[in-house]
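Asker: Here you go, sequence then predicted model.
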4 protein chains.
Amino acid sequence: MGSSITYDCRPEFENLIFIEGLPGVGNVGKIAADFISYKLNSKRLASIVSSDLPAQVFVDENSCVYSANNELWYVKDVNGHDIIFLEGEFQGLTPQGQYEICRYIFDRIIQYDPKMIITLGGYGLGEVVEHPRVIGAVNDSRLKSEFEKDGVTFIAGEPQGGIVGAAALFLTFANEYDIDAACLMGETSGFIVDHKSASCVVDVLCRFLGIELDTSEMQDDIKQVEQINQEVQAMAETNPEDLSYFR
Amino acid sequence: MGSSITYDCRPEFENLIFIEGLPGVGNVGKIAADFISYKLNSKRLASIVSSDLPAQVFVDENSCVYSANNELWYVKDVNGHDIIFLEGEFQGLTPQGQYEICRYIFDRIIQYDPKMIITLGGYGLGEVVEHPRVIGAVNDSRLKSEFEKDGVTFIAGEPQGGIVGAAALFLTFANEYDIDAACLMGETSGFIVDHKSASCVVDVLCRFLGIELDTSEMQDDIKQVEQINQEVQAMAETNPEDLSYFR
Amino acid sequence: MGSSITYDCRPEFENLIFIEGLPGVGNVGKIAADFISYKLNSKRLASIVSSDLPAQVFVDENSCVYSANNELWYVKDVNGHDIIFLEGEFQGLTPQGQYEICRYIFDRIIQYDPKMIITLGGYGLGEVVEHPRVIGAVNDSRLKSEFEKDGVTFIAGEPQGGIVGAAALFLTFANEYDIDAACLMGETSGFIVDHKSASCVVDVLCRFLGIELDTSEMQDDIKQVEQINQEVQAMAETNPEDLSYFR
Amino acid sequence: MGSSITYDCRPEFENLIFIEGLPGVGNVGKIAADFISYKLNSKRLASIVSSDLPAQVFVDENSCVYSANNELWYVKDVNGHDIIFLEGEFQGLTPQGQYEICRYIFDRIIQYDPKMIITLGGYGLGEVVEHPRVIGAVNDSRLKSEFEKDGVTFIAGEPQGGIVGAAALFLTFANEYDIDAACLMGETSGFIVDHKSASCVVDVLCRFLGIELDTSEMQDDIKQVEQINQEVQAMAETNPEDLSYFR
């Protein structure tokens, strides 16, 4: 059992921000992290394979295989901060597996002395959200004002069910090492892969990082989400029980 | 896989008593341990995170996260004894996980040369208990008379189904190292979180430790338990099958 | 995760035979091993606790706890052979756990340079067996003649479903180290705890070890088995479908 | 937990090709690997036991036991290449177990500096295939032309569901070490053990290795497959729902 990391390169990092964006509710965190990473022309730092990811490879259009792995991507000097993104198609198969993989990755990230850890996710409301907010949770209340300036909403005790998976574990590990950490969650119905909610997380993160990104490439996906949301909303108003498919 | 401990401080301990109070039947052991620990103004010694606890954080009223961890709290010189309490919201997710976490913790406690290990729990009877007794089990029959003086009842072969989870494992580990150990179980219906049963365990433990604690803060919870018990009892007498919800 | 062994004593062993008698089909192997161990006045060598055994203790008539462990018991110089018995109330909770525990134990037994490994079990036939045979399997066909002399029956390819659990694993490990090994299985219906089948295994083992044991203490249990078997047999002849309870 | 390897011999290897042929869809890969290994008079290199294989032994016609293990078999100098085959009756019991065993084996194979890793499997189509093709996936598109010459078909993005188990994991590990790797999958209905599909994989592999093997020993099995396929095909045309047994 265990995990292995293979590095593509071994750069130094300064003033590092670590951003976790693995799949989760509405894939909000994954879409946001992948998009920012892509727009900032990040480079791959490393790939991680693990006994706790699916024992699976996928085949691309060239009949070449790629693994069900997790990957670290990095970009240097974004307004004085280096950033490492954790990206992937899967989280660990079990809670134990999620811990194993996240711990393995965190133990490597800690060597770069990260100044801030941000985990991304969706906050599933079970109903259509027209104007999704980005809800925040932090590991030190001192951090709230800064994120509030960037548009994050803090609601006492929310999410009530807590935060689970990689988004939770990196906060737990950050606490161990007294590293500032926050979880940013885009509100979403939780019914669909939600690019609209993700774009709100992107907006907030860009403000936090002090950058502007052209999000026009997300617009088609956002429009599609809005259309599905309208249909779901109409369904909810006429035949609420038809929503059981989504729940 | 595995566990990590982060110490808040590193005091020395003398004449140590280790008290396990993790969640279980009726949460009797947890309530009792938390209450005594709180009333004795214990300080946190360390927090333990583990792959076998839920991969989860919770959010408090300040939007600050706290982890699904286990914690050690300590108090010095209670009638000549230092005490370490094991507290938490969760036990390990699986029997294997319970072993992993308890072993990890025990291996650290053993370094303090504990003189006595006490595990707390509830003894679920499946029916309302008006005057809960505290049932005991020990790892050396020599220990019975002392606990009997403090109000513990010993019944041959009880609990018939044995003792499970953390309350059992620390007894097993104590046997390995020839450390005196006992499990104290408050009788409870097992239907509800039982502060009344817990208060009986508190009473017994206070006598054992030679201390008096003001339990007035538990009275409201105890009264609520008594009221629910009366309702359940009435239900049992008129429509026994309605109890199936609890069983 | 893992296992721990605690030794009661550290004798030397010569010309060692290791006999595994953990619970299994009809508890045939366990009953046989426990009985011979008891009649030979064996002493406890060590106890093994493991994350893969139930996280449980049991309470005896003195309110003293004993763990869900595995134990090694030994006897010296039985016709020139020292014997270690593996006894216990449980096998590992999962196939992986069975491997973990058996490997852990085997790695300690191998240090005593065992000359022969014998695993005991029941061979469940799904119907009442009036005169149970003891079926054998070996890891070297050279061993068959010796066991045949002692009353063991070898049937090509039987048991068809193979042998599972501890009885299988010690044969696998014996193969790794080129140690002579055999599995002796008493035929049994598999419906009940079968002292009669166990007594046949005892007979065979006594002949193999060149000893005679007074089995009068087993007679009451054997008679009870015979009576139940008669009832089951009658049931099978009149209402075969009533047997579904046992199957 | 873990695995153990026992070597029968310790030859050196040059210009090594590693071929994985464990059980899978239609057992196509297993049949092909076992057949080529057998026809090339391979010798056993090592056997691997693992906590993640069934805790089981089987009994042969001589009442001798053999374990549920994995085995490495080798042959020297096949047109300038040494070959090691991975053979066995089982893959790991869980995805985590498959990773554990394959990693354990790969870590030993990597010491021989393999030049090519080939994993074999079946590509289940859910319907009868009269003329099964051998579908390929590679870890470098440069490899496609060579396999195409040998009769392998590459289809963009196929298999759509990816490749799972040992056949996938060795590709993942090959990527880590930049070793050329391919997966060859014989098309099969997936309903039956498919010697016909396996024979197509054998044909392709023989061309790749530049050898000719007498496959007459497979003909009886192939004819049986063809007959069953005809029956299944007839069933599919008359009563498609009768196929549910296979699906």
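Answerer: Arrived safely, thanks for sending.
Asker: residue boundaries of the strands in chain A?
Answerer: For chain A, applying DSSP state E gives strands covering A:3-7, A:16-20, A:43-50, A:56-59, A:65-67, A:70-78, A:81-88, A:116-124, A:134-138, A:152-153, A:163-164, A:180-188.
Asker: My guess is residue A:47 contacts residue A:71. True?
Answerer: Yes: counting by CB atoms under 8 Å, residue A:47 does reach residue A:71; the two are 5.0 Å apart. Where C-beta positions appear, they are placed from N, C-alpha and C, glycine not excepted.
Asker: Between the two, which is the more surrounded one?
Answerer: Taking neighbours as other CB atoms under 10 Å in any protein chain shown, residue A:47 and residue A:71 compare with residue A:47 leading, 20 against 17.
Asker: can stretch A:71-88 be found next to chain B?
Answerer: No: against chain B, stretch A:71-88 shows no contacts by CB under 8 Å from any CB of the partner chain, the least distance being 14.8 Å.
Asker: Just give me how far that stretch sits from the chain centre.
Answerer: Relative to the chain's own centre, stretch A:71-88 is displaced by 13 Å; criterion: CA atoms, centre = their mean, to the nearest Å.
Asker: Straight-line length of that stretch, end to end?
Answerer: 6 Å (CA to CA, to the nearest Å).
Asker: Likewise for stretch A:131-142?
Answerer: Using CA to CA, the end-to-end distance of stretch A:131-142 comes out at 27 Å.
Asker: quick one: pLDDT of residue A:243?
Answerer: pLDDT, residue A:243: 62.
Asker: and the residue of chain A nearest chain B?
Answerer: residue A:99 (3.6 Å; CB to the nearest CB).
Asker: And the nearest residue to that residue once chain neighbours are set aside, how close does it get to residue D:12?
Answerer: In this structure, residue A:99 finds its nearest non-sequential neighbour in residue B:51, 3.6 Å apart by CB to CB, 6 or more residues apart in numbering or on different chains. Distance check for residue B:51 against residue D:12: by CB to CB, to the nearest Å, it reads 41 Å.
Asker: The two - which one has more neighbours?
Answerer: Neighbour count, other CB under 10 Å: between residue B:51 and residue D:12, residue B:51 has more, with 28 against 8.
Asker: Now for that one: which residues touch it?
Answerer: Residues in contact with residue B:51 (CB atoms under 8 Å, 6 or more residues apart in numbering or on different chains) are A:95-96, A:99-100, A:103, B:1-3, B:97, B:100.
Asker: Span of stretch A:54-71 from start to end?
Answerer: By CA to CA, one end of stretch A:54-71 lies 15 Å from the other end.
Asker: Could you tell me which residues of chain A lie near chain D?
Answerer: So far as CB under 8 Å from any CB goes, chain A lies against chain D at A:1-2, A:4, A:6, A:47, A:49-52, A:54-65, A:67-69, A:93, A:97.
Asker: For the residue of chain A found nearest chain D, give me phi and psi.
Answerer: Of all residues in chain A, residue A:51 sits closest to chain D, with a separation of 3.6 Å (CB to the nearest CB). Backbone torsions of residue A:51, given as degrees, to the nearest 10, read phi -60, psi -20.
Asker: For residue A:217, grab the count of nearby residues.
Answerer: Neighbours around residue A:217, by other CB under 10 Å: 11.
Asker: In terms of pLDDT, where does it sit?
Answerer: Taking residue A:217 on its own, its pLDDT is 92.
Asker: that older thread, counting neighbours, which of the contacts of residue B:51 end up buried?
Answerer: A:95-96, A:99-100, A:103, B:1, B:3, B:97, B:100 (16 or more other CB atoms under 10 Å in any protein chain shown).
Asker: farthest pair in those?
Answerer: Largest separation among the buried ones among the contacts of residue B:51 by CB to CB: A:103 and B:97, giving 14.8 Å.
Asker: now the helices for chain A?
Answerer: Counting by DSSP state H, chain A has helices at residues A:28-39, A:95-109, A:144-149, A:166-176, A:195-209, A:219-238.
Asker: Columns distance to residue B:25 and mean pLDDT on top of the strands of chain A, output as JSON lines?
Answerer: Below are these laid out as JSON lines (distance: least, CB to CB, whole Å; pLDDT from 0 to 100):
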{"stretch": "strand A:3-7", "distance to residue B:25": "37", "mean pLDDT": "96"}
{"stretch": "strand A:16-20", "distance to residue B:25": "37", "mean pLDDT": "98"}
{"stretch": "strand A:43-50", "distance to residue B:25": "36", "mean pLDDT": "97"}
{"stretch": "strand A:56-59", "distance to residue B:25": "41", "mean pLDDT": "96"}
{"stretch": "strand A:65-67", "distance to residue B:25": "45", "mean pLDDT": "95"}
{"stretch": "strand A:70-78", "distance to residue B:25": "39", "mean pLDDT": "98"}
{"stretch": "strand A:81-88", "distance to residue B:25": "40", "mean pLDDT": "98"}
{"stretch": "strand A:116-124", "distance to residue B:25": "33", "mean pLDDT": "97"}
{"stretch": "strand A:134-138", "distance to residue B:25": "32", "mean pLDDT": "98"}
{"stretch": "strand A:152-153", "distance to residue B:25": "40", "mean pLDDT": "98"}
{"stretch": "strand A:163-164", "distance to residue B:25": "26", "mean pLDDT": "96"}
{"stretch": "strand A:180-188", "distance to residue B:25": "34", "mean pLDDT": "98"}
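Asker: Adding distance to residue A:196 as columns, could you present these in CSV?
Answerer: Shown next, in CSV, are the strands of chain A (distance: least, CB to CB, whole Å):
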stretch, distance to residue A:196
strand A:3-7, 34
strand A:16-20, 20
strand A:43-50, 28
strand A:56-59, 27
strand A:65-67, 28
strand A:70-78, 24
strand A:81-88, 20
strand A:116-124, 11
strand A:134-138, 12
strand A:152-153, 16
strand A:163-164, 21
strand A:180-188, 8
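Asker: what's the burial count for residue A:77?
Answerer: 10.
Asker: If you drop the residues flanking it in sequence, what lies closest to residue A:218?
Answerer: The shortest distance from residue A:218 to any non-neighbouring residue, by CB to CB, 6+ apart, is to residue A:199 (5.2 Å).
Asker: list the contacts for that neighbour?
Answerer: So residue A:199 contacts A:32, A:215, A:218, A:222 (CB under 8 Å, 6+ apart).
Asker: Of the residues of chain A next to chain D, keep whichever come out buried.
Answerer: The neighbour count (16+ other CB under 10 Å) marks A:1, A:4, A:47, A:49-52, A:54-59, A:63-65, A:67-69, A:93, A:97 as buried among the residues of chain A next to chain D.
Asker: Good, wrapping up.
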